[in-house]
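Chemist: task: produce atomic coordinates for the following.
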Amino acid sequence: MAQDEVYENAPGICPVCGMELIPVRLDLAYTCPNHAAVIQGEPGFCPIDTRELVLVTVAIHWACDGSRQHYTEPGTCAGGSERELVRELRAHGDHNPRHGGMLFMAADRWHHLEGTYPGENDFRMYFFDNFTQPIDSEGISGRVAVLSDANEEIASFPMLASSDGQTMAAQLENGSLPLRVAALVKFEPDKPEQRFDFRFGEYSVEPPTAPPAAPPTSRPPAPAAAPLLAPSAPSVGAPSITVDNIGDCMTMSRTDASAMSRALPDTPPQLLELLNVCSNQVSNLIQSGEFGFIYIPTMLSKDIALALEDHIDDLPRSEHVQARRAVRRLVLTAWQVDYYGDIGNRQKLAEAFVPFVAAVEQLRTFYGEQQ
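Modeler: Residues are numbered from 1 along each chain as shown. This is a model prediction of the structure:
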């Protein structure tokens, strides 16, 4: 476990390094895909290479000049000046693809990889660390299996390292679109293969390195995101989401999803209806192979379950314990589905989705009886 992945709800000592824990808040911000030094609170274009900024999770705190003290709230320093807001990138805070493909995390939680399909029969893979910074492919080996619609292996092709050591590539045969493949990767010679499933409906396109000729001038700034380590209060004036406006999670940003989680409806029937929509979207994404979008409906499902628990007193007292267990089960399985989406393993995703659906049905049984 990396030190920056240890989170506790109270002060204490890090179980990894023994140092004192420091307070931290997590928020959303924008950064350059290839220049992590640029972090800002609004969308735009990178001042270094002009690529569009990407949304990431950052740690935030406030500080005073000459002091190492981290404050979790804005305020005034001893000399009367205002505390300065500091944003810092976090490990796993940026899972945005860099080359128009699909980015996944390896089981070791350090290696990350992006698979692309820029042209017929041309599969390419890029490698990154846990801060999504490029690393070379030395010591990594693998192959690419072409899959049928039934997820059966049709043919297998070796991945070979490029001359500059930055990428690996496999030359496929009969790789027409739409294409399903599984990359079987060994990060160390004595370790087993790890599987990452990809579906390409179109060829991968490198993101443009310049803004459009006439960039929009009325694009609103992203709504402020609440800290991810503590429950957030509903946004004042924020419209509640409904089945009609929840939309398609494939077109939804992390900011949109965060705003939705703070604007859930307040009645069990509405919450159950949204939960059913989210569950169906997870199922569709697993079937289509669009694993990179699974985090949105799964995390919304988690928030919906916790919102349902707020209505526990609407149920007969005899059902409280079982209903709370169903909520906990859905929260846990939502995290599991999200994790397997991150690592791009279709089989594990399908297995984790079974208890997720069962937890959804249990909640419908308890709270649906009250409709």
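
Chemist: so what strands line up beside the host helix or strand of Pro158?
Modeler: Here Pro158 sits within strand 153-161, counting by DSSP states H and E. The strands beside strand 153-161 in its sheet (DSSP bridges) come out as strand 141-147 (antiparallel), strand 167-171 (antiparallel).

Chemist: give the buried residues for the first one.
Modeler: Across strand 141-147, burial judged by 16 or more other Cβ atoms under 10 Å covers Ser141, Gly142, Val144, Ala145, Val146, Leu147. C-betas here are computed from N, CA, C, even on glycine.

Chemist: any idea how far the spatially most central residue of the chain is from Ser148?
Modeler: Nearest residue to the geometric centre of the chain (Cα atoms, centre = their mean): Tyr295, 5.2 Å. Going from Tyr295 to Ser148 by Cβ to Cβ, to the nearest Å gives 27 Å.

Chemist: run the chain-centre distance for the helix or strand Leu55 falls within.
Modeler: Assigned by DSSP H and E, Leu55 belongs to strand 54-63. Offset of strand 54-63 from its chain centre (Cα atoms, centre = their mean, to the nearest Å): 16 Å.

Chemist: what's whichever helix or strand comes after that strand packed up against?
Modeler: Using DSSP H and E, the helix or strand that follows strand 54-63 in sequence is strand 84-89. Applying 3 or more Cβ pairs under 8 Å, 6 or more residues apart in numbering; DSSP states H and E, we find strand 84-89 packed against strand 25-32, strand 35-40, strand 54-63.

Chemist: follow-up on the earlier one: nearest to Ser288, out of the strands paired with strand 153-161?
Modeler: With Cβ to Cβ as the measure, strand 141-147 is the member of the strands paired with strand 153-161 nearest Ser288 (13.3 Å).

Chemist: contact partners of that closest one?
Modeler: Strand 141-147 is contacted from outside by 123, 125, 153-159, 168, 170, 172-175, 179-186, 189, 193, 197, using Cβ atoms under 8 Å, 6 or more residues apart in numbering.

Chemist: chain center to the helix or strand hosting Leu272: distance?
Modeler: If you go by DSSP H and E, Leu272 is part of helix 268-288. Taking the mean of its C-alpha atoms, helix 268-288 sits 18 Å from the chain's own mean (Cα atoms, centre = their mean).

Chemist: ok, stretch 154-169 next?
Modeler: 27 Å.

Chemist: check which residues of it are buried.
Modeler: Going by 16+ other Cβ under 10 Å, stretch 154-169 has these buried residues: Phe157, Met159, Ala161, Thr167, Met168, Ala169.

Chemist: least confident secondary structure element in the protein?
Modeler: When the helices and strands of the chain are scored by mean pLDDT, DSSP states H and E, helix 254-261 comes last with a mean of 66.

Chemist: ok, the residue lying farthest from the centre of the chain - contacts?
Modeler: Seen from the C-alpha centroid of the chain, the residue lying at the greatest distance (Cα atoms, centre = their mean) is Gly79, 40.7 Å away. Counting by Cβ under 8 Å, 6+ apart, Gly79 touches Cys64.
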